[in-house]
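> make a model of this:
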Amino acid sequence: MGLHQNKLTIFWVAFVCCWLFESCAEPETSEEMATSGPTTTLGSENIGDGSNGLVDKYFYDFDDAINATFFMYGGSRFDYTYDKYRQIFNDDPPPMTMANFPDHLLNVSPDSTHFLTRYTIDTLVVGGDTVTSEIGKIVPDSVQLFSSQFKNLESIEWDLDAEPSLQRYRLRNSDWVQADTMLYYSDTFDVVAYWAVLDTPLIQEGILFVDSSEWRDTSYSFVKDDPIVFINNFEFERTQLSSDSLIFRINTDCNDNNQWDGAEEGDTDYNGDGDNWDVLVESIDNVDYNNDGDMEDILYEFVDRGNGLLDPAEVYHDIDGNGEFDLNEPYEDRNCNDRWDGAETDDVGNGMFDDTEQYTLVDVDGDGTEEKKLYLIGAVPNNLLVNWNNPEDPVVMLTVELGDNLTDRWGNVYSDLIETVNFIDSKRQDIGDIDSMVTLYTRQVVGHITDENRQPDDYYITKTEWTTSNAGDVRRHYNYQIYSQDQHVNQLVYPSYFLPRGFYWSPNQIQNGFWHKEFLENEILYYTYNGLLRDGEQVDTAYYDTTDIATYYIEKTFQVETSQVTLPAAKVKASDNGDGTWTCYRDDSVVTDVDNCARADTTFLDCFKITHLLNMTMMGSGVEYGQRSYTWLAKDHGIVRSEVFLRWTEHPLDESLSSVFGTPDSLGQIWVGYSRLDLADIDIERSGNVFRQLISPPRTVHLNELGVLPDFDFEPYKLSNQSGLQTIDFRELTP
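Numbering: from 1, shown residues only. Down below sits the predicted model:
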């Protein structure tokens with residue numbers, strides 16, 4: 001069979017029975033609807049206050065490209081407001097992103113034994129033992145490598161605007177520095193092509209029409225186990241502070257003699273407390289310690305040694321130029337007594353007991369012997385630098401530029417306080433080495449008729465990504481959500497079931513604290529009345545589900561009400577003052593960088609609030625698990641807020657914690673806030689093309705392919721308990 005036909009031929013295939021689903025087949029369990037209790041308003045034409053809206057306007061149209069970011073409040077921060085979170089952490093709450101894949105439809109049905117048979121197209125095979133080529137197809141390609149980013153230190157400035165006790169050096173850096181390179185290579189791989197009437201369509205029964213004059217192709221790449229490795233060494237010259245920079249040094253030469261000394265010698269224990277390091281003021285203590293009848297003495301219990309010199313006054317920066325030291329002026333504290341000292345007329349100590357001087361061992365001359373250097377390294381750059389190049393007129397260095405040197409009081413010269421270093425940044429990137437490329441040519445589906453006279457379901461997929469932090473351990477998480485829409489909005493899930501404590505030792509023994517059925521099932525996410533969300537809608541269902549583990553009594557409630565909600569989701573956060581500053585809308589603060597503004601509020605007036613309530617009772621044990629979620633859908637914005645609450649009669653980790661959290665509701669049930677999502681940003685690129693599938697059909701992918709496709713970051717689908725965008729994981733529970 002060739003790849004092109006001269007005329008259009010339409011043929012049909014009748015499906016008289018339901019195809020057997022490999023991944024969507026009904027499990028062999030007994031589900032019986034309960035005969036009492038369940039109610040529904042779907043049969044009523046008029047309900048609530050009459051408000052309604054098309055679900056497509058309030059949820060998402062997955063033909064559009066959607067990227068949304070939510071602020072995520074979980075665990076003990078569930079009840080935090082946006083302002084409280086920023087007040088405590090001085091930052092926005094952690095984000096959770098959601099994106100869909102409008103160019104991909106998810107295929108969850110199996111291969112047909114008849115219409116999906118694949119036949120090799122020999123003339124398109126390249127490589128292997130074929131007459132076309134013995135080495136395969138050679139394709140030129142390239143990979144771009146990027147170095148790490150860094151900033152060069154350009155200068156250091158003393159912050160005179162801060163309070164005196166908080167003054168320190170501020171580092172002035174350059175813009176980000178980064179380099180990149182493009183590496184070119186050729187990949188050789190086999191090419192194989194097949195044709196079949198159909199790929200795996202999402203059809204269960206009915207009549208399928210295909211266009212036999214047109215072919216559509218889908219290509220799959222198979223990658224070798226060992227990747228192609230690319231390495232590049234980026235060479236840089238960087239200006240920086242040395243690891244023992246002078247601005248971080250804490251002086252320990254407390255008698256200022258440029259040599260190491262032991263502790264000062266004790267003299268007389270005047271107050272009889274068993275030590276000899278006190279400085280006693282008789283007028284304050286009201287005690288005549290030396291019994292001389294004079295209460296004005298200041299007595300030292302130790303020998304407060306000097307350094308054999310008459311020291312000049314400690315150098316300071318005269319801010320007001322009055323020639324006198326003022327308490328708000330920075331100074332060089334050479335003798336460790338935390339006060340400014342003037343010039344000596346007598347060789348005196350520092351007025352305090354000096355213990356054995358601490359030091360840092362440094363091999364200064366590189367002879368293999370470490371010398372005692374009288375300083376320690378601190379974490380704050382608050383050591384004021386003084387240049388004694390002219391001993392008669394030492395100068396405070398408020399600013400340090402590239403190439404600046406310093407001479408200390410003892411003539412030691414420190415060159416290039418901002419040092420220049422050369423370093424190599426080695427980067428590696430692994431690229432999948434394609435072993436073969438397989439292309440499948442199939443016919444274009446142009447129509448499908450079922451008993452319900454509707455089009456087949458298209459399954460759309462979204463991906464959420466977020467991080468959690470526990471004691472500094474930051475972990476990245478992701479999950480996929482699968483949606484479809486017929487009469488209602490459906491979410492395709494692996495049904496999840498709760499097990500109480502005693503069935504496992506820790507939640508890690510069961511995926512996320514749940515066990516899951518092995519088959520995907522459609523679960524109604526949003527009930528609609530002819531595609532409408534309606535105020536006052538309520539659907540109650542109840543049934544027994546008999547599984548291999550236990551029989552569960554499942555109760556579900558779905559409710560809709562009109563609502564409004566205010567969230568920090570404004571895209572414009574501030575007004576431009578025209579002078580390089582911005583006024584933040586949220587708190588009227590003035591900043592020089594608009595990114596420093598908190599989010600301003602947006603009130604979504606046209607909303608529906610959706611309530612989902614699940615109660616699962618394990619028959620026999622009587623253990624109950626509850627899951628309650630509130631979702632706000634705003635017109636043209638989709639989900640703007642989502643809250644999930646949990647309850648249990650036996651805590652999954654610790655039985656003693658089963659009822660210690662939260663406040664009982666009207667039924668005496670205690671619910672724990674698990675996770676809250678608040679919309680921060682959303683970007684929707686409208687498709688604008690209702691004939692997308694006929695003119696430019698999206699690529700159909702299978703569930704088990706997600707882990708090998710780059711569009712999905714090579715991350716496979718995984719089992720989880722889902723509630724809309726929320727993923728519920730007992731391992732994230734915190735008291």
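> show me the shaky parts of the stretch 251-400 of the chain.
Of all residues in the stretch 251-400 of the chain, none has pLDDT under 70.
> can you pull out the helices in the stretch 551-700 of the chain?
Per DSSP state H, counting those that start in this stretch, the stretch 551-700 of the chain carries helices over the ranges 692-695.
> least confident secondary structure element in this structure?
Ranked by mean pLDDT, DSSP states H and E, the weakest helix or strand in the chain is strand 10-15, scoring a mean of 34.
> please name the strands paired to the strand or helix carrying residue 97 in the sheet, noting orientation.
Assigned by DSSP states H and E, residue 97 belongs to strand 95-100. The pairing partners recorded for strand 95-100 under DSSP bridges are strand 65-74 (antiparallel), strand 460-470 (antiparallel).
> of these, flag the one that's most buried.
strand 65-74 (a mean of 20; mean count of other Cβ atoms under 10 Å). The way it works is simple: take the backbone N, C-alpha and C, and place the C-beta from them, glycine included.
> using CSV, list the CA coordinates for the next helix-or-strand element following that one.
Going down the chain from strand 65-74, the next helix or strand is helix 82-89, by DSSP H and E. Coordinates of the C-alpha atoms in helix 82-89 are reproduced here as CSV (Å, rounded to 0.1, in the frame of the first residue of the first chain):
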residue,chain,number,x,y,z
TYR,A,82,-0.8,35.8,52.5
ASP,A,83,0.2,38.8,54.7
LYS,A,84,1.0,36.6,57.7
TYR,A,85,3.2,34.3,55.6
ARG,A,86,5.2,37.3,54.3
GLN,A,87,5.5,38.8,57.7
ILE,A,88,7.0,35.6,59.1
PHE,A,89,9.2,34.5,56.2
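> next, the buried residues of helix 82-89.
Residues of helix 82-89 classed as buried by neighbour count (16 or more other Cβ atoms under 10 Å): 82, 85, 86.
> off-centre distance for that helix?
Remark: helix 82-89 is offset 17 Å from the chain centroid, using Cα atoms, centre = their mean, to the nearest Å.
> which residues touch that helix?
71, 73, 77, 80, 92, 93, 568, 598, 599, 678 (Cβ atoms under 8 Å, 6 or more residues apart in numbering).
> got the strands paired with strand 95-100 as a markdown table, with distance to residue 484 and mean pLDDT columns?
Converted to a markdown table, these look like this (distance: least, Cβ to Cβ, whole Å; pLDDT from 0 to 100):
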| stretch | distance to residue 484 | mean pLDDT |
| --- | --- | --- |
| strand 65-74 | 16 | 92 |
| strand 460-470 | 7 | 86 |
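> how about those strands in CSV, adding distance to residue 297?
Putting the strands paired with strand 95-100 into CSV (distance: least, Cβ to Cβ, whole Å) gives the following:
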stretch, distance to residue 297
strand 65-74, 64
strand 460-470, 59
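> for residue 626, which of these is the nearest?
strand 65-74 (18.2 Å; Cβ to Cβ).
> got the CA positions of that closest one in PDB?
In PDB, the C-alpha atoms belonging to strand 65-74 read as follows (Å, rounded to 0.1, in the frame of the first residue of the first chain):
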ATOM      1  CA  ALA A  65      -2.300  26.500  26.400                       C
ATOM      2  CA  ILE A  66      -2.600  27.100  30.100                       C
ATOM      3  CA  ASN A  67       0.100  28.000  32.600                       C
ATOM      4  CA  ALA A  68      -0.900  28.800  36.100                       C
ATOM      5  CA  THR A  69       1.000  29.400  39.400                       C
ATOM      6  CA  PHE A  70      -0.600  28.900  42.800                       C
ATOM      7  CA  PHE A  71       0.700  29.800  46.300                       C
ATOM      8  CA  MET A  72       0.800  26.600  48.400                       C
ATOM      9  CA  TYR A  73      -0.100  26.500  52.100                       C
ATOM     10  CA  GLY A  74       0.300  23.100  53.700                       C
END
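> ok and that strand relative to helix 82-89, angle-wise?
Calculated by axes from the mean of the first three to the mean of the last three Cα atoms, to 10 degrees, strand 65-74 forms an angle of 60 degrees with helix 82-89.
> of the buried residues of helix 82-89, just say which sits nearest to residue 98.
Closest approach between the buried residues of helix 82-89 and residue 98, by Cβ to Cβ: residue 82, at 18.9 Å.
> quick one: pLDDT of the closest one?
pLDDT, residue 82: 93.
> and for residue 428, the neighbour number?
Using other Cβ atoms under 10 Å, the number of residues around residue 428 comes to 9.
> can you classify it as helix, strand or coil?
The three-state label given to residue 428 by DSSP: H, G, I helix; E, B strand; the rest coil is strand.
> same deal with residue 390?
At residue 390 the chain is in coil, as set by three-state DSSP.
> near it, how many residues? Count them for me, please.
For residue 390, the tally of surrounding residues (other Cβ under 10 Å) stands at 9.
> quick one: it from residue 258, how far?
19 Å (Cβ to Cβ, to the nearest Å).
> residue 540 now?
87 Å.
> who has more neighbours out of the two?
Neighbours per residue (other Cβ under 10 Å) separate residue 540 from residue 258, with residue 540 holding more: 16 against 13.
> bridge partners for that one, pull those for me.
Residues in beta-bridge contact with residue 540 (DSSP bridges): residue 557.
> and what of the one 4 residues further on?
Here residue 544 shows beta-bridge partners residue 32, residue 553, assigned using DSSP bridges.
> returning to that earlier point: mind checking which of the contacts of helix 82-89 are buried?
Burial by neighbour count, 16+ other Cβ under 10 Å: within these this picks out 71, 73, 77, 80, 93, 568, 598, 599, 678.
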